[in-house]
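[1] Predicted model and sequence follow; I will ask about them next.
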Amino acid sequence: MKRIASIIFAALLGASFISTAAFASADKGQKIYQKKLKKVCGFNGAKFAAKHTQDEWEEINEAGKFEDEIQKLCPKYKKGYLKPSQLKHIYDFAYEYASDSGNVPSC
């Protein structure tokens, strides 16, 4: 019985580490920004994210205008260049490092 309990505990502990890594989409967004948008925008990710506050980024995203905002900030950006899943990660990155967040990305 004690052995089964230890196996279950170890499995739950392992699953918690996996799920934490799976939700680290701000990190994925930073990598996508560096790879796909940095050249298109002409400035680094810190400047991009700091263009708005967290509340402003949230409003833009909820209104379905996030890709339009990227195009406004980065005139060379063409709609459809990023996949919807990539846009979600870029949004998480922008929200995490917004001007009022106090966080500074390393890109």
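    That came in fine, so what should we check first? Numbers count the residues shown, from 1 in each chain.

[2] Could you report the distance from Phe48 to Asp92?
    In this view, Phe48 and Asp92 are 13 Å apart by CB to CB, to the nearest Å. (Each C-beta comes from the backbone N, C-alpha and C, glycine too.)

[3] what about those two, which has more around it?
    For the pair Phe48 and Asp92, the greater number of neighbours falls to Phe48 (23 against 20), based on other CB atoms under 10 Å.

[4] If we ignore the residues flanking it in sequence, what's nearest the more buried one?
    The shortest distance from Phe48 to any non-neighbouring residue, by CB to CB, 6 or more residues apart in numbering, is to Cys41 (6.0 Å).

[5] Next: Gln30.
    Phe93 (5.1 Å).

[6] distance of the one you found from Lys28?
    8 Å.

[7] for Cys41, same thing?
    18 Å.

[8] Phe43 and Ile8: what is the separation?
    Taking CB to CB, one finds Phe43 at 49 Å from Ile8.

[9] Kindly report the same for Ser99.
    45 Å.

[10] Please consider this matter closed, and thank you.
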